[in-house]
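Peer 1: sequence unavailable; structure follows:
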């Protein structure tokens, strides 16, 4: 069981900055995120896009903002449960919470702060009959163990980096790899595109474009897919396969958090703007995941919400402690790792 | 203020005739949101970067529209429910040339 003061669900910019504000109050944080890396949308959707409205940064790449936040919170030693989705929450008699992930990891904390953005990122699934039936019986949306595909006939669909990268990787593992994409053009790193071209020329990879998979066949497990060329003559072909891996990217879903008994409005969690607490005392919601009159889904608003949330969380965790907010220019930053950052002392010297 | 008339059929098949401002630097996705023709959180998820297809719409009129960028084309090639007349609303900047535009919102991806 992982124990912490504030359990933050979502490791996007808002969740990460909450670690800093909590750290100033000597509160420890642990973050859960469904993605394998921190940063949320900034890392997953638009790491290379510049952001222009972070106060003090005329221009910063989303990926760099995440790197900076990670650096800023490092000395507060946050814990991370990455690649797991927060699934259930249980309120104990003493008012504390246990949050369990889809992989069974348990987290215990007196305060839960949901900084879940648009929700957890789930694979986008193609609209095909029988798709559900073949999930885990030949169809997978993520490759966890490439060895599963050893000496198998695999078809991959998609035109982005993950489709390219896995086609390249599996070309050496599977007995046959077919990549199907709706266009002749691929959107990915240049060297990945070139490598796929090379493998195709060598006959190590079967490329079918522009085309799409339109039907799945098989009794209990997937046996073949029907591929239709998107050209004037709509030629179709049946391809015998053991595995089909659709890689159409990820899209965010509010997911299980929607069933936690929280008041939801417009696909977001309603909060009190006094401290961004939800209708369940002890559960807060900050950043893009919350809503209130006048809400703006901006990173800078998430930072503000995280800051006020931490003040309220402090009082909830330490109801008897006296506290006043201290500026970092005055108090510096005292890391949990023993490091201390503070303003250099001014030199006081008499001028003769 | 200069408004143009646009017809938008929402995901429930209801037709809305609305005034879209040309002087507010808005795109079609934002116009749909401003009139709340699709629930918040189901459209414009990526914010308008052509990185999701939640604002996909079908163009029903023969209004001349700006050409697709590589980003839009790439996104639509990975989206679902795509037809020949599919566009991403976020990439359609409202201008006076779009007077009389008619679109239908594509179904929400589940």
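Peer 2: On my side now, so go ahead. Computed from a prediction, not measured in an experiment: that's the story for all the values here. Residues are numbered from 1 along each chain as shown, chains lettered A, B, ... in the order given.
Peer 1: got the domain boundaries for chain A?
Peer 2: If you go by automatic domain parsing, the domain ranges for chain A are A:2-122+A:251-341, A:131-248.
Peer 1: save these as TSV, and put in distance to residue B:7 too.
Peer 2: Where you see a C-beta, it was placed from the backbone N, CA and C, and this is true even at glycine. Shown next, in TSV, are those (distance: least, C-beta to C-beta, whole Å):
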stretch	distance to residue B:7
domain A:2-122+A:251-341	25
domain A:131-248	29
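Peer 1: which residue does chain B bring closest to chain A?
Peer 2: Nearest residue of chain B to chain A: residue B:41, at 2.8 Å (C-beta to the nearest C-beta).
Peer 1: could you check the pLDDT of the nearest residue to that residue once chain neighbours are set aside?
Peer 2: The shortest distance from residue B:41 to any non-neighbouring residue, by C-beta to C-beta, 6 or more residues apart in numbering or on different chains, is to residue A:267 (2.8 Å). Confidence at residue A:267, expressed as pLDDT, is 85.
Peer 1: helix or strand with the lowest mean pLDDT in the chain?
Peer 2: Picked chain A for this. Taking mean pLDDT, DSSP states H and E as the measure, the helix or strand of chain A with the lowest value is strand A:250-253, at a mean of 82.
Peer 1: to clarify, I was referring to chain B.
Peer 2: helix B:70-78 (a mean of 88).
Peer 1: ok, then the element right after that one?
Peer 2: Remark: after helix B:70-78, the chain's next helix or strand is strand B:86-88, criterion DSSP states H and E.
Peer 1: neighbouring strands of that next one in the sheet, and parallel or not?
Peer 2: strand B:56-59 (antiparallel) (DSSP bridges).
Peer 1: average pLDDT for the strand it pairs with?
Peer 2: Here the average pLDDT along strand B:56-59 is 98.
Peer 1: what do you get for stretch A:96-105?
Peer 2: On average, the pLDDT along stretch A:96-105 is 96.
Peer 1: that stretch spans what distance, first to last residue?
Peer 2: 17 Å (C-alpha to C-alpha, to the nearest Å).
Peer 1: check stretch A:233-250 too.
Peer 2: Its first and final residues considered, stretch A:233-250 spans 32 Å by C-alpha to C-alpha.
Peer 1: ok, that stretch near chain B or not?
Peer 2: Yes: Stretch A:233-250 reaches chain B (C-beta under 8 Å from any C-beta of the partner chain) through A:248-249.
Peer 1: off-centre distance for that stretch?
Peer 2: Centroid displacement of stretch A:233-250 relative to its chain, using C-alpha atoms, centre = their mean, to the nearest Å, is 27 Å.
Peer 1: near chain B, which residues of the stretch 151-300 of chain A show up?
Peer 2: Within the stretch 151-300 of chain A, the residues that sit near chain B (C-beta under 8 Å from any C-beta) are A:158-160, A:181-183, A:185, A:187, A:248-249, A:251-252, A:254, A:266-268, A:297.
Peer 1: can you give the distance from the least confident helix or strand of chain B to the centre of its chain?
Peer 2: With C-alpha atoms, centre = their mean, you get 15 Å for helix B:70-78.
Peer 1: contacts for it, please.
Peer 2: For helix B:70-78, the external contacting residues (C-beta atoms under 8 Å, 6 or more residues apart in numbering or on different chains) are A:124, A:158-160, A:181-183, A:185, A:187, A:248-249, B:49-53, B:56, B:68, B:82, B:86-88, B:91.
Peer 1: which SS state does residue A:227 fall under?
Peer 2: At residue A:227 the chain is in strand, as set by DSSP: H, G, I helix; E, B strand; the rest coil.
Peer 1: quick check, pLDDT for it.
Peer 2: We have a pLDDT of 95 for residue A:227.
Peer 1: what's the answer for residue B:110, then?
Peer 2: Each residue has a pLDDT score; the one for residue B:110 is 69.
Peer 1: still on that earlier bit, and the residues of the stretch 151-300 of chain A next to chain B, which of them are in strands?
Peer 2: Using DSSP state E, the subset of these located in strands is A:251-252, A:268.
Peer 1: tabulate the residues you listed (CSV), appending neighbour count and distance to residue A:68.
Peer 2: Listed next are these as CSV, based on neighbours: other C-beta atoms under 10 Å in any protein chain shown; distance: C-beta to C-beta, whole Å:
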residue, neighbour count, distance to residue A:68
A:251, 20, 27
A:252, 25, 23
A:268, 23, 27
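Peer 1: would you list the phi and psi of residue A:201?
Peer 2: Main-chain torsions, residue A:201, degrees, to the nearest 10: phi -60, psi -30.
Peer 1: list the contacts for the most centrally placed residue in chain B?
Peer 2: Taking C-alpha atoms, centre = their mean, the centroid of chain B lies closest to residue B:89, which sits 2.5 Å from it. By C-beta under 8 Å, 6+ apart, the contact list for residue B:89 reads B:27-29, B:31-32, B:43-44, B:55-57, B:103, B:105.
Peer 1: again with residue B:46
Peer 2: Neighbours of residue B:46 in contact, by C-beta under 8 Å, 6+ apart: A:41, A:45-46, B:52, B:54, B:90.
Peer 1: now residue A:14
Peer 2: Residue A:14 neighbours (C-beta under 8 Å, 6+ apart): A:115, A:117, A:286-288, A:299, A:302-303, A:305-306.
Peer 1: cool, and residue A:155?
Peer 2: Residues near residue A:155 by C-beta under 8 Å, 6+ apart: A:177-180, A:213, A:225, A:239, A:241, A:243-245.
Peer 1: residue A:87: which of these is nearest?
Peer 2: The closest of those to residue A:87 turns out to be residue A:245 (C-beta to C-beta; 24.5 Å).
Peer 1: ok, residue A:203 to chain B distance?
Peer 2: Counting by C-beta to the nearest C-beta, to the nearest Å, the gap from residue A:203 to chain B is 25 Å.
Peer 1: cool, residue A:263 as well?
Peer 2: Per C-beta to the nearest C-beta, residue A:263 is found 15 Å from chain B.
Peer 1: and the residue of chain A closest to chain B?
Peer 2: The nearest approach of chain A to chain B comes at residue A:267, 2.8 Å away (C-beta to the nearest C-beta).
Peer 1: quick one: that residue and residue B:45 touch, right?
Peer 2: No: contact status for residue A:267 versus residue B:45: not in contact, 9.7 Å apart, counting by C-beta atoms under 8 Å.
Peer 1: of the two, which one has the most company?
Peer 2: More crowded of residue A:267 and residue B:45, by other C-beta atoms under 10 Å in any protein chain shown: residue B:45, with 21 against 18.
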